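Undergrad: sequence isn't available, so here's the structure alone:
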């Protein structure tokens, strides 16, 4: 715990923080005295503190934090709580892409790309479709000029998405395409979830097919996709999945409707790590209907057993009585009901 305190205290000398990073990494998962660091109560502090060190102004601290981040994340997935670990993916990826988007941190760009690659591989190896889709959504934001200004950094985000979609045989282009056609043999197999989403993106299909999201095992091992898993149909889906939330100064979670005509739910919260009885602000302003208009009703579940709260405005506050990680959800209703 003393090591965790050093990671979260910016007044600790930089060389002391670097030694703390090395000590935690060397002992995590192997030394029983460090098992408590992977508990549900301490894991968010570990991942948040480590992410903050990756943006340290000292290149030595930054490189140490970046080099060891994949190991820390792997141990959090394997021996900690994978839901909490995945929930911090957005903050981790945000900070890693800030590094490769910063020309002043060029000396750490190669190490940072390697860290991103290892974390993506770890999530794919986890074989949890929801975690993979969440990661793909985080990476897709890094392909946007508004979020990442460096063209090579955006290209690297796209490369990682391609690896998720195509696997080891990803048809990544090393030179600009000369033809306007795509080699169909390089695309995911027809009938797979990956191919269906590609067809939707290419406007060859208007929406997901009904059988793709029924209560059945639709993943095919032989096609190289993720292993069999029951997937909820849209009829049972809520506005957002609380299991995978972002973390950081503006923690958020979002639910993209499987039905394109359905509403889109988005929650942002501040502060991420609140004190007991400190009101936490929850903001669903970015939620909208299929016409990109504000929704009409918000039903909040704060994850602590308190009664659900219904509002017609997108912002509400809630305080917690005990220190814990709480899964917060909002169910939105649009003008179509």
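TA: Yep, that arrived. All values derive from a computational prediction rather than experimental measurement. Numbering: from 1, shown residues only.

Undergrad: could you use CA atoms for every contact and neighbour count after this?
TA: Fine.

Undergrad: look at the closest residue to residue 302 other than its chain neighbours and say how many residues are nearby.
TA: Nearest residue to residue 302, sequence neighbours excluded (CA to CA, 6 or more residues apart in numbering): residue 328, at 4.6 Å. By other CA atoms under 10 Å, 20 other residues sit near residue 328.

Undergrad: ok, residue 328 touching residue 306?
TA: No: taking contacts as CA atoms under 8 Å, residue 328 lies outside contact range of residue 306: 11.3 Å.

Undergrad: residue 318 bridge partners, please.
TA: Applying DSSP bridges to residue 318 gives these bridge partners: residue 280.

Undergrad: residues near it, how many?
TA: 13.

Undergrad: quick one: it from residue 307, how far?
TA: 11 Å (CA to CA, to the nearest Å).

Undergrad: ok, now residue 59?
TA: Residue 59 is 48 Å from residue 307, by CA to CA.

Undergrad: more neighbours: which of the two?
TA: residue 59 (15 against 10).

Undergrad: so who does residue 296 touch?
TA: 312, 313, 332, 333, 334, 335 (CA atoms under 8 Å, 6 or more residues apart in numbering).

Undergrad: excluding its backbone neighbours, what's nearest it?
TA: Per CA to CA, 6+ apart, closest to residue 296 is residue 334, 5.2 Å.

Undergrad: how about residue 138?
TA: Ranked by CA to CA, 6+ apart and with sequence neighbours excluded, the top spatial neighbour of residue 138 is residue 90, at 6.1 Å.

Undergrad: what about the one you found, helix or strand, and which?
TA: helix 89-100 (DSSP states H and E).

Undergrad: same for that helix, what does it pack against?
TA: For helix 89-100, the packing partners by 3 or more CA pairs under 8 Å, 6 or more residues apart in numbering; DSSP states H and E come out as helix 43-53, helix 109-126, helix 129-141.

Undergrad: in TSV: those, plus mean neighbour count, mean pLDDT and distance to residue 280.
TA: Below are the helices and strands packed on helix 89-100 laid out as TSV (neighbours: other CA atoms under 10 Å; pLDDT from 0 to 100; distance: least, CA to CA, whole Å):
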stretch	mean neighbour count	mean pLDDT	distance to residue 280
helix 43-53	23	86	17
helix 109-126	18	92	30
helix 129-141	19	86	24
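
Undergrad: residue 149 is nearest to which of those helices?
TA: Closest approach to residue 149 among the helices and strands packed on helix 89-100 is made by helix 129-141 (11.7 Å; CA to CA).
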